[in-house]
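In: Generate coordinates for the sequence data below:
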Amino acid sequence: MRYHALACDFDGTIADDGRVTDETLSALERLSRSGRRLLLVTGRELDDLLDVFPHTDLFDMVVAENGGLLYDPAERTRHALAEPPPAAFTDRLRAAGADPLGVGEVMVATREPYDTDVHAAVRDLGLELEVAYNKGAVMVLPPGVNKASGLAAGLARLEMSPRSTVAVGDAENDHAMLAMCECAVAVANALDAVKERCDLVLDRPRGEGVTDLAALLIDTDLDGVRTDRHRITIGTAGEEPAAVEPYGTALAIAGPSGSGKSTAATALIERLGKAGYQHCLIDPEGDYSDGDGGLVLGDPNRAPSADEVVRTLTDPTRSVAVNMLGVPLRDRPAFYADLLPRLAGLRARLGHPHWIVVDEAHHLMPRELAHLPIRDLADVGSLLMITVHPESLSPLALRLVDTVVAVGDRPGDTLDAFAEALDRPAPELDTLPDDAGGGATHVSVWHAEDDRAREVELVPGERHSARHRRKYAAGTMSPEKSFYFTGPDERLRLRARNLHAFLDLGAGVDDDTWCFHLRRGDYSAWMRDAIGDDELADRVADAEAGGGGPKETREEIARLVNERYTLPAEPTRYDPDHDDDAPDPTAV
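Out: Below you'll find the predicted structure:
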């Protein structure tokens, strides 16, 4: 299910002249029995609403005073969300003869033409207030208070997200509320300016339209209603964007090691976060140690628990990266198999998380997997799988895939592997002109129902470069991606978990060990294959081939690394202020 909440305006939407028909009430009651939550969002003062509408208990939360007041019908508690305008302001309007004049707990309300007096009072008293209109009604509120801010507070109380919410309204003061929700709906009697900005315009007015909307939600979950404004961009081909739907998408990013999978994945994750979609990132190797916008649970010394993951994700504003380095390798598929149904259960109850991201998916969902712990993609909303080996993925996971992003120099090979695994013809690949995109990263995007894939210029994320500099400089790389100083006789096995450790260990090993790896080109190969930094690898390869001695090459490689990466505060042995007697900060 995509939509777990419905937010309704009152006057002109579910009500006609303050009255809601029995038909509309019955439709809303059926909708609540479908498992969805109902929120009433109105510009009326609460006491006025309670006088004309005795059925507020049908709603899980009421937002009154145009976003200024929150009311819980079950507990009959009210909570002001801001301070009211000062008494001098209302006194000024009374003196001007404003009639009617309503003074709520946060909002002051009148009608046109007294908005002229409102603006004059705001100006003369030097106040920071906002004025909202609703078909002749004039509402004055503190800055930043509107139906969107009030609805956000109501959804937060219910642990629900605007990205799982439908909003329906009719007038000027509904714009902000409609814009913040995943699907914006206008009743037939709505202002044209409101209809133009909605995803769906109902055929009937007021409560009749809301009755139809409730039936559509129950019967179809609004399947077929396009919400293109929320599509998530992957890249561009000229003026044409390549994007995916934020719901019901199973996306695979695949390519060889060091080909740019994490660049594409972190860009997509970053855009999901900016758009308000909550993700849970399953990270078997600790490659996302800063969470990429989410809280990291677990570390190399402590395994996370499914309970703490679910508990954290109940807050829809918090995404999570589940670091599985503390889980024994053989136990990771079982941990994932236990966690996934828990995430599906959370989504069934609250409508989030919106995306499950699985790194190294071929390890957690291998080809031999007999049972995938989700029955349908709708159980998790959307799924992103990152893999080096598509042919090693479980057929049960592959059957969910609808979009493939192939990275690296030979995307055709990756697409062919996916096509074979999906038992479909391999797509033809449309490429960009040779001069397109300068030094930009290109990826190939294939929607699996199409017979063609297209090359696009990846729109990079803002945090990718900084994240990788932190990760490779001071993070904990997985064992298979770490560098090992072994020496010519393999007497050693000193593991460098990051570039800082590499420089520090390299400074301490004997000259024979250093030169053994230097002559073999191991340093540049590691930086190219494990770190994925071709530019640094090329410059280190020049140093390896330059014929310098141990001291000179150590200093040169340290200089090259330090120029390109920001290392932690602890100095290396080549820093001029390094204290040789200080304890070694690097855990090996």
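In: From here on, just use CA atoms for contacts and neighbour counts.
Out: OK.
In: now do the same end-to-end measure for stretch 522-535.
Out: 15 Å (C-alpha to C-alpha, to the nearest Å).
In: Equivalent analysis for stretch 481-492, please.
Out: Stretch 481-492: ends 17 Å apart by C-alpha to C-alpha.
In: and if you look at stretch 247-263?
Out: 22 Å.
In: and that stretch, average pLDDT?
Out: What stretch 247-263 shows for mean pLDDT is 88.
In: can you check stretch 459-478 too?
Out: On average, stretch 459-478 scores 63.
In: distance between the ends of it?
Out: Per C-alpha to C-alpha, stretch 459-478 runs 27 Å from first to last residue.
In: just stretch 81-89 next, same as before
Out: 19 Å.
In: Check the offset of it from the chain's centre.
Out: Chain-centre distance of stretch 81-89: 36 Å, with C-alpha atoms, centre = their mean, to the nearest Å.
In: any idea of the mean pLDDT in that stretch?
Out: Here the average pLDDT along stretch 81-89 is 93.
In: And it, what's buried?
Out: Neighbour counts using 16 or more other C-alpha atoms under 10 Å place 81-82, 84-85, 89 of stretch 81-89 among the buried residues.
In: Helices - which of these land there?
Out: Of those, the ones assigned to helices by DSSP state H are residue 89.
In: what's the span of stretch 162-180, first residue to last?
Out: By C-alpha to C-alpha, one end of stretch 162-180 lies 6 Å from the other end.
In: ok, so of the buried residues of stretch 81-89, who is nearest residue 260?
Out: residue 81 (45.6 Å; C-alpha to C-alpha).
In: My read is that that closest one contacts residue 69, right?
Out: Yes. Counting by C-alpha atoms under 8 Å, residue 81 touches residue 69, with 5.5 Å between them.
In: so what sits against both of those two?
Out: Residues touching both residue 81 and residue 69 (C-alpha atoms under 8 Å, 6 or more residues apart in numbering): 106, 150.
In: quick one, what contacts residue 321?
Out: 280-283, 288, 291-292, 294-297.
In: what's in contact with stretch 284-301?
Out: 266, 269-270, 273, 304, 309, 318-326, 332, 359-360, 463, 467, 471, 475-478.
In: thought residue 256 was touching residue 388?
Out: Yes. In this structure residue 256 lies within contact range of residue 388 using C-alpha under 8 Å: 5.3 Å.
In: so what sits against both of the two?
Out: Contacts common to residue 256 and residue 388, judged by C-alpha under 8 Å, 6+ apart, are absent.
In: what stretches of the protein score poorly on pLDDT?
Out: Filtered on pLDDT under 70, the chain yields the residue ranges 289-293, 434-440, 463-476, 566-588.
In: redo that, cut-off 50
Out: 465-467, 567-588 (pLDDT under 50).
In: And it, what are its domain boundaries?
Out: The record's domain split for the chain, according to automatic domain parsing, is 1-76+146-230, 82-144, 232-462, 466-564.
In: quick one: the shortest one to chain centroid distance?
Out: In terms of C-alpha atoms, centre = their mean, the gap separating the centre of domain 82-144 from the centre of its chain is 38 Å.
In: next one: the third one
Out: The gap between the average C-alpha position of domain 232-462 and the chain average comes to 12 Å, counting by C-alpha atoms, centre = their mean.
In: if we can go back for a sec, from the contacts of residue 321, which ones fall inside strands?
Out: 280-283, 295-297 (DSSP state E).
In: Go through those and name the one nearest residue 192.
Out: residue 280 (39.4 Å).
In: Next, the contact list for the closest one, please.
Out: With C-alpha under 8 Å, 6+ apart, residue 280 has these contacts: 319-322, 353, 355-357.
In: ok, those residues vs residue 224, which is closest?
Out: residue 355 (20.3 Å).
In: where's that closest one relative to residue 161, distance?
Out: 13 Å.
In: CA-only coordinates of the biggest helix by length in the chain in CSV, if you can.
Out: Secondary structure assigned by DSSP H gives helix 332-350 as the longest helix of the chain. The C-alpha coordinates for helix 332-350 follow below in CSV (Å, rounded to 0.1, in the frame of the first residue of the first chain):
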residue,chain,number,x,y,z
ARG,A,332,24.6,-12.0,7.6
PRO,A,333,22.1,-13.6,5.2
ALA,A,334,20.1,-14.9,8.2
PHE,A,335,20.2,-11.4,9.9
TYR,A,336,18.9,-9.9,6.7
ALA,A,337,16.2,-12.5,6.3
ASP,A,338,15.0,-11.7,9.9
LEU,A,339,15.2,-7.9,9.4
LEU,A,340,13.4,-7.7,6.1
PRO,A,341,9.9,-8.9,7.3
ARG,A,342,10.3,-6.6,10.3
LEU,A,343,10.7,-3.6,7.9
ALA,A,344,7.8,-4.8,5.9
GLY,A,345,5.7,-4.9,9.0
LEU,A,346,6.7,-1.4,10.0
ARG,A,347,5.8,-0.2,6.5
ALA,A,348,2.4,-2.0,6.7
ARG,A,349,1.7,-0.2,9.9
LEU,A,350,3.1,3.3,9.3
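In: helices and strands around it, which ones?
Out: When contacts are defined as 3 or more C-alpha pairs under 8 Å, 6 or more residues apart in numbering; DSSP states H and E, helix 332-350 sits against helix 306-313, helix 361-364.
In: elements contacting the shortest one?
Out: The helices and strands touching helix 361-364, judged by 3+ C-alpha pairs under 8 Å, 6+ apart, are helix 332-350, strand 382-387.
In: 6 Å instead?
Out: strand 382-387 (3 or more C-alpha pairs under 6 Å, 6 or more residues apart in numbering; DSSP states H and E).
In: List the strands paired with the strand it packs on, with their directions.
Out: Strand 382-387 has the following strand partners under DSSP bridges: strand 250-254 (parallel), strand 355-358 (parallel).
In: Can you lay out those as TSV showing distance to residue 199 and mean neighbour count?
Out: As requested, the strands paired with strand 382-387 are exported to TSV (distance: least, C-alpha to C-alpha, whole Å; neighbours: other C-alpha atoms under 10 Å):
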stretch	distance to residue 199	mean neighbour count
strand 250-254	23	26
strand 355-358	22	24
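In: of those strands, which approaches residue 393 most closely?
Out: strand 250-254 (10.6 Å).
In: And the contacts of the closest one?
Out: 382-388, 400-406 (C-alpha atoms under 6 Å, 6 or more residues apart in numbering).
In: For the closest residue to residue 147 other than its chain neighbours, which residues are in contact?
Out: Closest residue to residue 147 apart from its sequence neighbours, by C-alpha to C-alpha, 6 or more residues apart in numbering: residue 67 at 4.3 Å. By C-alpha under 6 Å, 6+ apart, residue 67 lies in contact with 145-147, 150.
In: follow-up on the earlier one: now the contacts of residue 321 as JSON lines including distance to residue 121?
Out: Formatted as JSON lines, the contacts of residue 321 follow (distance: C-alpha to C-alpha, whole Å):
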{"residue": "280", "distance to residue 121": "49"}
{"residue": "281", "distance to residue 121": "52"}
{"residue": "282", "distance to residue 121": "55"}
{"residue": "283", "distance to residue 121": "57"}
{"residue": "288", "distance to residue 121": "53"}
{"residue": "291", "distance to residue 121": "49"}
{"residue": "292", "distance to residue 121": "47"}
{"residue": "294", "distance to residue 121": "45"}
{"residue": "295", "distance to residue 121": "46"}
{"residue": "296", "distance to residue 121": "50"}
{"residue": "297", "distance to residue 121": "52"}
